[in-house]
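Enquirer: following is a predicted model, sequence given first.
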Amino acid sequence: MANKQLKILYINLGDNAPYTYDKIVGRVSTWANKGHEVTILIAELSRKLIEKELTNRGNPEIRIITLPFSNKIANSPSSIIVTYMLRILFSPKILLENNETFDLCFSNSAFLVDAVPVFWLKLFGKCKDWILIMDSVVPRPKDRSGSLIINAITYIESMLIGKLANYLASSIFTVNPELKSEMVKRGIDQNKILLSQNGLFIKDIISTNALIQNNYDAIYMGRISANKGIEDLIITWKEVVKTIPDAKLAIMGRGLDKEVTTFKKKSKDLDLENNIIFLDFTPGVKKYQILKSSKVFLYLSKVNADESWGISLMEALACGLPAISYNLPIYKHIYHTNSLVMIPKNETGQVAQCIVELLKDEKTRKSLGNKAKRFAKNFDWQKIASNDLNLVSK
């Protein structure tokens, strides 16, 4: 299958898009540059940035379709529900704009907003093979913080889509053996599960230079939420500042309005306004510049089921940063390098001590950083995306 020209559709309609641009662009640009005919269905809010990233990849010819009511980020549980329902309601638009049949239809997640468009295409015989991407297994509502309603909905959605994939999907991609085991426990057909990887734009990272100004002692990049350990970051940094008063921690990311407000308030209450710099979501080459302008990467995610591969974590290693995380079991399947220092969960004191030691020991920090870059080079998007099509063909 992978040797002939394919008509491929890639769907990502969720507001998680700002954190998955690279995953989308990495795959579709590789396929388009190999001569396949690629269409992507995305939320309008993602369009400009996706187009910019595609231009950076050589401007491959890719058709982009967007839906009404998809030009704003949903920042509260009620707005998320309403927004996603509207996108699902208008998803048949894809049938009107494409009077053709796709060989492969990729859903970026196991949620209705990314799966329903494929169901429409299947119903009218417009999709030959559906490939479901499950980069994570949604934990049970009680096992994660945040809105109980949203947690319950996403858990039920994930279970439902997994069951439907047993009957309708040709293959299910995941990126970690532990995830595969959990998916099988939840009733997904193990014969349909294929192990893939996430990837990086290694050439972009290598060619990007650090910023001359605005250097940071440490940095976090990811979603701002309790599950990602954002509160632990604040507590840890308070300890670091006791030893290094001028230490600067940069935060790159977005989250629900309530969680971002809580994060900023706690930083202020602990008198860390001059030590913690909030950079918001930072896309493209600029994020590599900021990472390379930092000394240590922090990623204290607390819920094992919330993780799968860690694109932010791997990008930091590729930029030459030693990284510190909690010792979640899921990382052990991917990060076979001591440039990632894993510390027992909730041990913020140990994390702070490790940060201080690395900041004071430039020789060790640079040695770990060089190891990190060599390790991360194994995960280039061109290699990963090409292998994905080979897996499907087999």
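Expert: Everything's here; your move.
Enquirer: so how many other residues sit close to F124?
Expert: 10 (other C-beta atoms under 10 Å). In short, each C-beta sits where N, CA and C put it, glycine included.
Enquirer: no no, E97
Expert: The burial count for E97: 11, using other C-beta under 10 Å.
Enquirer: with K360 instead?
Expert: K360 has 11 nearby residues by other C-beta under 10 Å.
Enquirer: I24 versus I324, what's the distance?
Expert: Going from I324 to I24 by C-beta to C-beta, to the nearest Å gives 28 Å.
Enquirer: I figured A372 hits I324, correct?
Expert: No. Using C-beta atoms under 8 Å, A372 is not in contact with I324; the gap is 11.9 Å.
Enquirer: so between the two, which is more surrounded?
Expert: Neighbour count, other C-beta under 10 Å: between A372 and I324, A372 has more, with 25 against 22.
Enquirer: how far off centre is whichever strand or helix holds that one?
Expert: A372 is located in helix 362-376, with elements delineated by DSSP states H and E. Put simply, helix 362-376 sits 23 Å off its chain's centre (C-alpha atoms, centre = their mean, to the nearest Å).
Enquirer: shared neighbours of A372 and I324, which are they?
Expert: L340 (C-beta atoms under 8 Å, 6 or more residues apart in numbering).
Enquirer: buried ones in the helix or strand bottoming out on mean pLDDT in the chain?
Expert: Within the chain, no helix or strand scores below helix 93-97, which has a mean of 79 by mean pLDDT, DSSP states H and E. Residues 93-94 are the ones in helix 93-97 that count as buried (16 or more other C-beta atoms under 10 Å).
Enquirer: can I get the CA coordinates of whatever helix or strand comes next after it in PDB?
Expert: Note on helix 93-97: by DSSP H and E, the next helix or strand toward the C-terminus is strand 102-107. Written as PDB, here are the backbone C-alpha positions of strand 102-107 (Å, rounded to 0.1, in the frame of the first residue of the first chain):
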ATOM      1  CA  PHE A 102      -9.800   8.300   0.900                       C
ATOM      2  CA  ASP A 103      -7.500   5.300   1.200                       C
ATOM      3  CA  LEU A 104      -6.500   6.100   4.800                       C
ATOM      4  CA  CYS A 105      -8.300   8.200   7.300                       C
ATOM      5  CA  PHE A 106      -6.300   9.000  10.500                       C
ATOM      6  CA  SER A 107      -8.100  10.200  13.700                       C
END
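Enquirer: quick one: residues in contact with the very next helix or strand once past strand 102-107.
Expert: Later in the chain than strand 102-107, the nearest helix or strand by DSSP H and E is helix 112-123. With contact meaning C-beta under 8 Å, 6+ apart, helix 112-123 is reached by 9, 11-14, 41, 84, 87-88, 91-92, 94-95, 102, 105, 107-108, 126-127, 130, 132, 157, 160-161, 164, 168.
Enquirer: residues near T261, how many?
Expert: With other C-beta under 10 Å as criterion, T261 counts 12.
Enquirer: picking that back up, and the least confident helix or strand of the chain, what other elements does it pack with?
Expert: strand 62-66, helix 112-123 (3 or more C-beta pairs under 8 Å, 6 or more residues apart in numbering; DSSP states H and E).
Enquirer: with only the CA atoms kept, save that helix in PDB.
Expert: Extracted in PDB, the C-alpha atoms of helix 93-97 (Å, rounded to 0.1, in the frame of the first residue of the first chain):
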ATOM      1  CA  LYS A  93     -19.200  19.200   5.900                       C
ATOM      2  CA  ILE A  94     -16.300  17.000   4.900                       C
ATOM      3  CA  LEU A  95     -18.600  15.000   2.700                       C
ATOM      4  CA  LEU A  96     -19.700  18.100   0.800                       C
ATOM      5  CA  GLU A  97     -16.200  19.400   0.200                       C
END
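Enquirer: contacts for it, please.
Expert: Here helix 93-97 makes contact (C-beta under 8 Å, 6+ apart) with 9, 41, 65, 67-68, 117, 120-121, 124, 126.
Enquirer: okay, these in CSV with pLDDT and distance to E315 next?
Expert: Compiled in CSV, these are given as follows (pLDDT from 0 to 100; distance: C-beta to C-beta, whole Å):
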residue, pLDDT, distance to E315
L9, 95, 27
L41, 92, 26
I65, 90, 28
L67, 85, 29
P68, 79, 33
P117, 93, 29
W120, 92, 35
L121, 93, 33
F124, 91, 39
K126, 93, 36
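Enquirer: show me the shaky parts of the protein.
Expert: Applying pLDDT under 70 to the chain picks out residues 1-3, 15-19, 73-76, 145-146, 212-214, 305, 394.
Enquirer: show me what counts as buried in the helix or strand hosting L358.
Expert: Element membership for L358 (DSSP H and E) is helix 348-360. Under the neighbour-count criterion of 16+ other C-beta under 10 Å, helix 348-360 has 348, 351-356, 358-359 buried.
Enquirer: stretch 312-320 too?
Expert: Buried, per 16+ other C-beta under 10 Å, within stretch 312-320: 312-320.
Enquirer: could you dump the residues you listed to TSV with distance to D380 and secondary structure?
Expert: Shown next, in TSV, are the buried residues of stretch 312-320 (distance: C-beta to C-beta, whole Å; DSSP: H, G, I helix; E, B strand; the rest coil):
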residue	distance to D380	secondary structure
S312	17	helix
L313	16	helix
M314	11	helix
E315	12	helix
A316	16	helix
L317	13	helix
A318	10	helix
C319	15	coil
G320	16	coil
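Enquirer: now, among those residues, which is nearest to I234?
Expert: When the buried residues of stretch 312-320 are compared for distance to I234 (C-beta to C-beta), S312 wins out at 18.1 Å.
Enquirer: so who does the closest one touch?
Expert: Counting by C-beta under 8 Å, 6+ apart, S312 makes contact with 221-222, 299.
Enquirer: over to K72?
Expert: K72 sits next to 45, 83 when contact means C-beta under 8 Å, 6+ apart.
Enquirer: helix/strand/coil for it?
Expert: Of the three states, K72 takes coil under DSSP: H, G, I helix; E, B strand; the rest coil.
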